[in-house]
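> I'd like to go over a predicted model; first the sequence, then the structure.
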Amino acid sequence: MNPFELAWVIWMLIWLALSFWSKRTQRHDSAVSRILYMLPLLFAVLLMVPEHLPGGMFEGRAVPYLSWFNPVGLALTWSGLAFSVWARVYLGSNWSGAVEVKQQHELVRGGPYRFVRHPIYTGMLAGFLGSAMAMDEWRGAIAVLIVLASFLYKLRKEERFMVETFGEAYLDYRRKIRALIPFVL
């Protein structure tokens, strides 16, 4: 197992272990909405694993390979996934894989949430970007764009739920803290 695969396997095991620690759901988005962000994520994951693609689909160098792609990609993958785990742990029992409001939901603004409103997505995007950078193939670049589009769709849904749940407190938080990239996006 290479260091990129190891990072993702460790991340998935941690994510699975933490998934049992969550409050009951009070409100959730529709099944259609969930499909609209989950299917693209699944496709992006399949793009990152070449043995799942027929006939070398989307293979080929995206840009001329540079020797620093692999170590920088590895650092970005591990640090991004670690950041998402920190955010997941910090969010605690308010977490959900779907767009939901939990019973006794709390507005979390500390820890990684003081840098970006959606640090789990930021970390996962960094993980995908780092892995794609090291692979340097079109399929990696396409996967990153798909993940970004899926997360942007999902975070818009979450933002609406948060505004409806927390009102002015969330609007104030949103004015001060960027969604995915500090000071940028």
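Okay, I see it. Model, not experiment: these values are computed from the prediction. Numbers count the residues shown, from 1 in each chain.
> which residues of the protein fall in helices?
3-18, 31-48, 69-91, 119-135, 138-166, 168-176 (DSSP state H).
> now for those, which one comes closest to G60?
When the helices of the chain are compared for distance to G60 using CB to CB, the nearest one is helix 138-166, at 5.6 Å. C-beta here means a position set from N, CA and C on the backbone, and glycine is covered the same way.
> and the helices of the chain, which is most packed in?
helix 119-135 (a mean of 23; mean count of other CB atoms under 10 Å).
> That one to helix 31-48, inter-axis angle?
Counting by axes from the mean of the first three to the mean of the last three CA atoms, to 10 degrees, helix 119-135 lies at 30 degrees to helix 31-48.
> a markdown table for the helices of the chain, including mean pLDDT and distance to G111?
Below are these laid out as a markdown table (pLDDT from 0 to 100; distance: least, CB to CB, whole Å):
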| stretch | mean pLDDT | distance to G111 |
| --- | --- | --- |
| helix 3-18 | 94 | 15 |
| helix 31-48 | 91 | 24 |
| helix 69-91 | 96 | 4 |
| helix 119-135 | 95 | 8 |
| helix 138-166 | 95 | 17 |
| helix 168-176 | 97 | 14 |
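> Adding distance to E106, write the ones you listed out as TSV.
Below are the helices of the chain laid out as TSV (distance: least, CB to CB, whole Å):
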stretch	distance to E106
helix 3-18	17
helix 31-48	23
helix 69-91	9
helix 119-135	16
helix 138-166	9
helix 168-176	11
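> Of all those, which one is nearest E59?
It's helix 138-166; of the helices of the chain, that one is closest to E59 (CB to CB) at 6.4 Å.
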